Each structure stands twice: as structure tokens, then as C-alpha cells.
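Trainee: got a sequence here, can you build the structure:
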Amino acid sequence: MGKEKRKKEDDLEFDLGIGKLSMGGLFKGIEKLIDLSKEIDKAGGKVEKEGEIDLSHLKKGMKGVYGFSVKTATGGKPVVETFGNIKKTPKGPTVEEEREPITDVFDEKDEIEIYAEMPGIDKKNIQIDLKEDILDISVKSGLRKYRKELLLPVKVKSENLTWDYKNGMLEIKIKK
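Mentor: Okay, here's the model as predicted:
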């Protein structure tokens, strides 16, 4: 029965704008994105795609959200960042209640700037925890739950952290 259930999950297909992907082939498809680095340069250095899968047959009202952002870093090397609530595990893709927001981290001269897209939440529900070079962002707000753990480029102190949330965008600044 386990193989039958797995096959059904693998047969779920959705389109992220680069062709149809199945749950089983989702992560293999992301690995192929590295080959798109030339197209990324043509698109201004960044490409983002996302999709939603109806998983109400597993749990009423549950939706799988998955997306990725591909950017070119210094030297033209592509960097792939995933976001959403579908995670890769040794047993195959799983769907979690918490979504991983898409984030950008900028290591500036005097500070580190972090931006996280988290629409549909209240500012009062945002929790930010900083321990040296590990930043943990979490939100539990009604139907939307987000969580992201980031490894920062340098160790910093939590008393140097300021943040604001407006229009679905969390902005965090940490003085070095």
C-alpha cells in the first residue's frame, strides 16, 4: 500500500511556468534550474516562480505552496532559494503547516539587511530571535504560519537589531 500511495503523490502534477512537475520530480526539476543561469542574466539577475497544489484530499483545506527564486551571485554563480510549505525529506516530499518565506539577505558595510515576504499576517504575531549568527523568524497568525532560520554572514548582537513590517514585507536591520 505504501508504494501505491507514493505513486499517487508522484502523479500529482502542477505547472510552475517551466513545464509540468510532479511531486516526486519537483526537487529534481529545481536542480535543473542551474542550467538556466544564462537566462537569469537576461532577466536582470533574478527569476521567481511559485505554485499552489490542492491537498484537501490529505487534510481538509490544506494547500501545498512551493516556489523558488534563482539569482546570480558574485561571479555569475546561480543561487537557488526555495520557499513554501513543501519540504524535501529522505522519505519524499512532505507538506508542513508552516511556510518558509522567501528572503533576501544583504551584507552591507555597517549592517546586515534582511527582507522576508510574509503576506496575510499581523505585525504583533512576528517573533524574531537572534543568537550570534543565527536569526530565527516565526509567525503563527490564524491560517498563516511562517518560519525561517537564517545563517547570517557574521556574528551580531541582538540589541543592534531593529525591524518593521508593512504591506506583507518584514524588514530587519542589524548593525555590525
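Trainee: any idea how far the closest residue to residue 171 other than its chain neighbours lies from residue 98?
Mentor: Sequence neighbours aside, residue 164 is the residue nearest to residue 171 in space, at 5.3 Å (criterion: Cβ to Cβ, 6 or more residues apart in numbering). C-beta coordinates here come from the backbone N, C-alpha and C atoms, glycine included. Per Cβ to Cβ, to the nearest Å, residue 164 is found 22 Å from residue 98.
Trainee: between these two, tell me which one has more neighbours.
Mentor: More crowded of residue 164 and residue 98, by other Cβ atoms under 10 Å: residue 98, with 16 against 11.
Trainee: pretty sure residue 107 contacts residue 154?
Mentor: Yes - using Cβ atoms under 8 Å, residue 107 is in contact with residue 154, at 7.4 Å.
Trainee: where does pLDDT dip in the protein?
Mentor: Low-confidence segments of the chain, defined by pLDDT under 70: 1-64, 68, 70-80.
Trainee: domain assignment for the chain?
Mentor: Using automatic domain parsing, the domain ranges for the chain come out as 1-96, 101-176.
Trainee: all the strands of the protein, residue numbers only.
Mentor: In the chain, the strands defined using DSSP state E lie at 13-15, 20-22, 46-54, 63-72, 78-89, 92-100, 103-107, 111-117, 126-131, 134-141, 144-151, 161-166, 169-175.
Trainee: if I look at the residue nearest to residue 114 when sequence neighbours are not counted, how far off is residue 149?
Mentor: Spatial nearest neighbour of residue 114, excluding adjacent residues (Cβ to Cβ, 6+ apart): residue 172 at 4.2 Å. Residue 172 sits 13 Å away from residue 149, going by Cβ to Cβ.
Trainee: and residue 176, by the same measure?
Mentor: 20 Å.
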